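1. pasting the structure only:
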């Protein structure tokens with residue numbers, strides 16, 4: 001089978017069988033497209049280890065980051081493992097493919113004081129009743145209060161919210177559904193938006209969607225808009241020009257652990273399939289603890 005045909009079949013397998021997120025499928029497609037451009041028009045059976053090594057070497061020469069090289073090597077290994085399982089190739093040429101280890105970087109996290117100042121300022125701005133201010137305050141409170149992903153926030157429908165109990169039903173990666181709690185400030189902010197802000201946005205739409213959060217034209221809000229809301233609000237507090245909704249998720253997880261939450265409980269709240277993914281936040285907390293120690297302890 002021609003490589004590009006096999007790559008397309010693999011992408012459909014990821015989407016419909018493994019049910020990976022659209023963003024993950026796009027990343028696999030891009031990596032395999034890059035591999036196809038490198039090896040040329042050939043049958044998938046004719047791709048050997050040397051061709052794969054040459055592909056990664058070319059990526060190194062053009063300056064691709066180590067994290068990109070590691071991701072592409074992982075995509076290739078996943079593809080060829082699938083191809084062997086499907087009987088498209090007699091053996092897997094990627095078994096001995098080695099990519100540089102990606103450098104470990106800790107996520108951006110805002111301090112407790114920074115989050116308090118940010119959310120208090122947004123609450124005061126929303127008190128005047130401006131629909132955009134009400135919406136943006138609710139978005140920030142819910143992202144931080146529930147630790148949800150931007151895709152989960154954008155996908156929220158009215159029926160997914162239970163303000164009395166302070167819970168939201170979200171659809172996470174792999175179409176896995178979970179119910180997450182959020183606190184009183186988020187309940188208050190979301191309730192104010194639904195009562196006073198959302199009707200103004202809904203009036204601009206021909207057909208009002210069931211979405212909780214609406215954009216300027218009354219349709220379901222998109223991730224780009226949420227990114228802009230978070231970047232404008234959070235950037236000055238963490239000293240970063242580019243910071244997105246995931247920073248609030250990182251911050252929520254770190255603050256939960258700082259407050260004594262059980263690691264497995266945080267894993268459930270975040271919807272992580274692996275506990276190892278959640279453990280990155282214990283390193284964040286440890287760094288913050290070390291920094292505090294160095295500032296405060298006389299013999300640090």
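-> Right, received. Where do you want to start? This is a predicted model, so every value here is computed, not measured.

2. And this protein, what are its domain boundaries?
-> Dividing the chain into domains by automatic domain parsing, as the record does, gives the ranges 3-85, 112-295.

3. I'd like those domains laid out as TSV, including distance to residue 91, mean neighbour count and mean pLDDT.
-> All C-beta spots, glycine's among them, are computed from the backbone N, C-alpha and C. Listed next are those as TSV, based on distance: least, CB to CB, whole Å; neighbours: other CB atoms under 10 Å; pLDDT from 0 to 100:
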stretch	distance to residue 91	mean neighbour count	mean pLDDT
domain 3-85	7	16	91
domain 112-295	29	17	90
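
4. Identify whichever of these lies nearest to residue 95.
-> With distances scored as CB to CB, the stretch of the domains of the chain nearest to residue 95 is domain 3-85 (7.7 Å).

5. quick revisit: take the domains of the chain and lay them out in a markdown table including distance to residue 99.
-> As requested, the domains of the chain are exported to a markdown table (distance: least, CB to CB, whole Å):
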| stretch | distance to residue 99 |
| --- | --- |
| domain 3-85 | 3 |
| domain 112-295 | 19 |
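
6. Name the SS class of residue 165, please.
-> When the structure is split into helix, strand and coil by DSSP: H, G, I helix; E, B strand; the rest coil, residue 165 lands in coil.

7. contacting residues around it?
-> Contact criterion CB atoms under 8 Å, 6 or more residues apart in numbering gives residue 181 as the residues in contact with residue 165.

8. in the chain, which spans are helices?
-> In the chain, helices defined by DSSP state H lie at 3-16, 22-39, 49-61, 66-85, 112-126, 131-146, 150-154, 184-192, 198-202, 223-238, 245-258, 263-270, 275-278, 280-296, listed in chain order.

9. Switch those over to JSON lines; also include distance to residue 178.
-> Shown next, in JSON lines, are those (distance: least, CB to CB, whole Å):
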{"stretch": "helix 3-16", "distance to residue 178": "21"}
{"stretch": "helix 22-39", "distance to residue 178": "18"}
{"stretch": "helix 49-61", "distance to residue 178": "37"}
{"stretch": "helix 66-85", "distance to residue 178": "25"}
{"stretch": "helix 112-126", "distance to residue 178": "23"}
{"stretch": "helix 131-146", "distance to residue 178": "10"}
{"stretch": "helix 150-154", "distance to residue 178": "9"}
{"stretch": "helix 184-192", "distance to residue 178": "17"}
{"stretch": "helix 198-202", "distance to residue 178": "24"}
{"stretch": "helix 223-238", "distance to residue 178": "20"}
{"stretch": "helix 245-258", "distance to residue 178": "14"}
{"stretch": "helix 263-270", "distance to residue 178": "7"}
{"stretch": "helix 275-278", "distance to residue 178": "14"}
{"stretch": "helix 280-296", "distance to residue 178": "18"}
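
10. nearest to residue 170, of these?
-> By CB to CB (comparing all of the helices of the chain), the closest turns out to be helix 150-154, at 3.9 Å.

11. who does that closest one touch, helix- and strand-wise?
-> helix 131-146, strand 167-171, helix 223-238, helix 245-258 (3 or more CB pairs under 8 Å, 6 or more residues apart in numbering; DSSP states H and E).

12. Give me the distance from the last one to the chain's centre.
-> Shown here is helix 245-258, whose average C-alpha point lies 12 Å from the average C-alpha point of the whole chain (CA atoms, centre = their mean, to the nearest Å).

13. now the shortest one
-> In terms of CA atoms, centre = their mean, the centre of strand 167-171 is found 16 Å from the chain centre.

14. which residues touch residue 176?
-> Going by CB under 8 Å, 6+ apart, residue 176 touches residue 271.

15. Look up phi and psi at it.
-> Per-residue torsions, residue 176: phi -90, psi 130 (degrees, to the nearest 10).

16. residues contacting residue 89?
-> Contacts here follow CB under 8 Å, 6+ apart; on that basis residue 89 touches 44, 45, 80, 83.

17. Go ahead and confirm residue 198 touches residue 214.
-> Yes: using CB atoms under 8 Å, residue 198 is in contact with residue 214, at 6.2 Å.

18. anything in contact with each of those two?
-> residue 135.

19. Correct me if wrong: residue 2 contacts residue 44.
-> Yes: counting by CB under 8 Å, residue 2 does reach residue 44; the two are 7.1 Å apart.

20. which residues are common contacts for the two?
-> Here residue 2 and residue 44 have no joint contacts, going by CB under 8 Å, 6+ apart.

21. And the contacts of residue 89, which is closest to residue 181?
-> residue 80 (42.2 Å).

22. Tell me the spatial nearest neighbour of the closest one, not counting adjacent residues.
-> For residue 80, ignoring the flanking residues on the chain, the nearest one in space by CB to CB, 6 or more residues apart in numbering is residue 94 at 4.3 Å.

23. Cool, thanks, signing off.
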